[in-house]
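[1] next one to model:
(2 chains)
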Number of protein chains: 2
Amino acid sequence: MPANTEKPEQTGTGVRRRHLLFGGAAAGLGALAAAGAQLASSGAATNPAQAVEANGSETVPFYGPRQAGIDTGAQAHGVFIALDLSPESTPQRIKSLLKLLSSDAANLTQGRAALADTEGELALRPARLTVTFGFGPRLVDAVRPERRPSWLKELPAFSIDKLVPEFSDGDLLLQICGDDPLTVAHAQRMLLKDSRSFTTVRWVQTGFRRAYGTEKPGTTMRNLFGQVDGTSNPEPGTEGFEKVVYGDGKIPAWTENGTSLVIRRISMNLDKWDELDRSGREESVGRKLSNGAPLTGSGEHDDPDFAAVNPVGFPVIAEFSHLRRARPEDPNQRIFRRAFNYDASPGTGALSDSGLIFASYQADVDQQFVPIQRSLDELDLLNEWTTPVGSAVFAIPPGCAPGGFVGEQLFS
Amino acid sequence: MPANTEKPEQTGTGVRRRHLLFGGAAAGLGALAAAGAQLASSGAATNPAQAVEANGSETVPFYGPRQAGIDTGAQAHGVFIALDLSPESTPQRIKSLLKLLSSDAANLTQGRAALADTEGELALRPARLTVTFGFGPRLVDAVRPERRPSWLKELPAFSIDKLVPEFSDGDLLLQICGDDPLTVAHAQRMLLKDSRSFTTVRWVQTGFRRAYGTEKPGTTMRNLFGQVDGTSNPEPGTEGFEKVVYGDGKIPAWTENGTSLVIRRISMNLDKWDELDRSGREESVGRKLSNGAPLTGSGEHDDPDFAAVNPVGFPVIAEFSHLRRARPEDPNQRIFRRAFNYDASPGTGALSDSGLIFASYQADVDQQFVPIQRSLDELDLLNEWTTPVGSAVFAIPPGCAPGGFVGEQLFS
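    Residues are numbered from 1 along each chain as shown, chains lettered A, B, ... in the order given. Purely as a prediction, here's the structure:
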């Protein structure tokens, strides 16, 4: 098609005139000039007819003292993959794997094809892609067992758990997040391809939040129960966030600028939840469904008034409510949540297989995550409708500089 | 938080200042005023703190002579669900089900909670949601067997097929597409909830294309082989599209403004595809990977020159190439494709379970789809890497006006 031809284009609301094709592409591709150069050398090329828009070209830096994908505003799509090291893994082989995957992540997140990328064109729309690596207990033990943090182990058993191995544990975590599902799928494929000589896939959990452009960035997500979920999260960039996620220096030296990640797959029984009316739902959570405000307030971020009582003397925010049970007495017992909804294909006879991939970052699992989970385990009305079916704990190593690789501190 | 407070907000590329919170909300929610009124009456309310952006508020009309979701520019997410009628289904019960689901779709697609919607807030971001209904052979037979179109039956067996029942056939199809995955998940939940007294879920296939805002609307998609996929599709709004999808009036009267949909689940063997180099890949398809141009041209939409030969006398676009085999001699043998990629969790020991949900619309399955498929079955090099594992055929009834329901013509 000649460069200056306009052609009618179908949109959701009717037919409009397309932007001048090459004009739009030239502007949009500016941010990807480097990517184009890189791809040319790998044998692929950008496709000017496939014009990139704003979402497609946004990038999150890969290199830095800390890994991306934690303080990054949560993207629309998140995939969590746990790999198991093959039995013959040596520290040398683990190091080779981490170098390879770090190189892939450094390219893919910047909209460049990975080194051995045979579908390089799929890499050209970074769409805020991040890749975050985590180490399970066995990986650390295989390299420097004496360096394993005390909290890097299976969580204690909770009475509410009904864990299945196909969503639990693992040696190496790949957290791949981005605003474009095709970009995420390609990154997943590329990283798994480069892992296959070293590992086997243990589990894959795919989740989502609102799409790019649906709501303003920073809007608190809703889960599939319809609840505003994650209101009291510490805000990246604040002192509170720093302390919760990166701690106060009492962590092992190799994990400075590192943190920990607990992934819990929480099955949500939508059919049972349906039987509850709105006031019952609000009471179980302690928040309004309309905007997430505590039952004692009117705005989402209002402080809950736990002392308030209703006319007959009962607490407005009930003892058994999730809001009260999840809020620790000890201000050090805080976590940073970065959850994604999941909605898998229902099994035979079922209507849904839905829930939450609850991803919790904290400097110390034992000091922060476990006490909160214990409180919820003891008494949380939401347990009536939710069941943890998967559980895994990973150390999130620091980031790296160009030329380095994620996890290098463990080997030094 | 007070209405005029600015607060720092984390984005992909750093910290920027948030829009004035309520100011942004007021502007963005304009398009949803009607939705708010509706929700208020259903007990829910819009959340002004969850400000909607452009993508969130776009709607596609539900009512009209034809169903939406066919000439609608393909959205980022598509879910195809096949339901089986329960054994005790009567025409009266089927009619009740269709009325209920049509009402749900009419509300949800316009950003309004459905009638018995217990998570009404999840409906407030339509993001170009469309719901398209299709009837399998058994549904039509249960109502007016004499009206079943001759093509509404299982496809003939093809030698390349390895079909499994868990992705084949079905009585009632729900095609749910939208640019926001949470909106799609909520619509799926709502429609399945309202179907559960009448049907059981036979299969669910979830797919994706590029996200809203990644590429300009109308850009041809790429599949997980990295190929530009669907270049020669007729363009909605053109005469060609009209004829391919809605035919020339020789269809049964009750399906005027209706069409047919063939859904083929095509498993794509990425591991085997990896063994092929770029020139081998291009030869197998007959198009360049970089931009989808035919091997005889330079632009995606250039006409292929099937007569061109290379210096040693062989056709530049090989006899066995997908481009040549999929292009029929008879210009009436055309289809309209609206495919989605799928990337399911790999099974034990596998690296991927990926492919294409190939959705093909045409006025007459036997006259249009079957001959093309037969040609590909006989000889198409791509068959080396792709395997159809699911197959289903549905009649797509016309649309309806307010007060009516999709499929009403079958009952009159």
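
[2] any idea how many residues pack against A:Leu379?
    Residues near A:Leu379, counting by other CB atoms under 10 Å in any protein chain shown, number 12. Heads up, the C-betas are built off the backbone N, CA and C, glycines and all.

[3] likewise for the one 3 residues further on?
    For A:Leu382, the tally of surrounding residues (other CB under 10 Å) stands at 23.

[4] how would you label the nearest residue to A:Leu163 once chain neighbours are set aside: helix, strand or coil?
    Nearest residue to A:Leu163, sequence neighbours excluded (CB to CB, 6 or more residues apart in numbering or on different chains): A:Ser391, at 5.4 Å. The three-state assignment at A:Ser391 reads strand, by DSSP: H, G, I helix; E, B strand; the rest coil.

[5] residues contacting A:Ser391?
    Going by CB atoms under 8 Å, 6 or more residues apart in numbering or on different chains, A:Ser391 touches A:154-155, A:161, A:163, A:167-169, A:262-265.

[6] now those residues: which count as buried?
    For these, a burial check counting by 16 or more other CB atoms under 10 Å in any protein chain shown picks out A:155, A:161, A:163, A:167-169, A:262-265.

[7] with pLDDT added, can I get those residues in a markdown table?
    Output for those, formatted as a markdown table (pLDDT from 0 to 100):
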| residue | pLDDT |
| --- | --- |
| A:Leu155 | 97 |
| A:Asp161 | 96 |
| A:Leu163 | 97 |
| A:Phe167 | 97 |
| A:Ser168 | 98 |
| A:Asp169 | 98 |
| A:Val262 | 98 |
| A:Ile263 | 98 |
| A:Arg264 | 98 |
| A:Arg265 | 98 |
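
[8] residues of the stretch 301-412 of chain A that sit close to chain B?
    A:301, A:341, A:343, A:345-346, A:349-352, A:354 (CB under 8 Å from any CB of the partner chain).

[9] show me the residues you listed that map onto strands.
    Among those, the ones falling in strands (DSSP state E) are A:341, A:343, A:354.

[10] just those now: which is nearest B:Phe80?
    Within these, proximity to B:Phe80 (CB to CB) peaks at A:Asp343, which comes in at 14.1 Å.

[11] and that closest one, what are its bridge partners?
    A:Ser354 (DSSP bridges).

[12] how many neighbouring residues does it have?
    25.

[13] now do the same contact list for it.
    Counting by CB under 8 Å, 6+ apart, A:Asp343 makes contact with A:208, A:224, A:352-354, B:185, B:188, B:206.

[14] and of those residues, the nearest to A:Asp104?
    Ranked by distance to A:Asp104 (CB to CB), the contacts of A:Asp343 are led by A:Phe208 at 23.1 Å.

[15] can you count the residues close to the nearest residue to that closest one once chain neighbours are set aside?
    Nearest residue to A:Phe208, sequence neighbours excluded (CB to CB, 6+ apart): B:Pro181, at 3.9 Å. Close neighbours of B:Pro181, defined as other CB under 10 Å, add up to 27.

[16] thought B:Pro181 was touching B:Val79?
    No. With contact defined as CB atoms under 8 Å, B:Pro181 does not reach B:Val79; the gap is 9.5 Å.

[17] excluding chain neighbours, what is closest to A:Ser412?
    Spatial nearest neighbour of A:Ser412, excluding adjacent residues (CB to CB, 6+ apart): A:Trp254 at 7.6 Å.

[18] confirm that the one you found sits in a helix.
    Yes. Applying three-state DSSP, one finds A:Trp254 inside a helix.

[19] contacting residues for it?
    A:144, A:147, A:397, A:409-410, A:412.

[20] so how far is A:Met268 from A:Leu163?
    Applying CB to CB, to the nearest Å, the value for A:Leu163 to A:Met268 is 16 Å.

[21] now stretch A:380-387: buried residues?
    In terms of neighbour count (16+ other CB under 10 Å), stretch A:380-387 has its buried residues at A:380-383, A:385-387.
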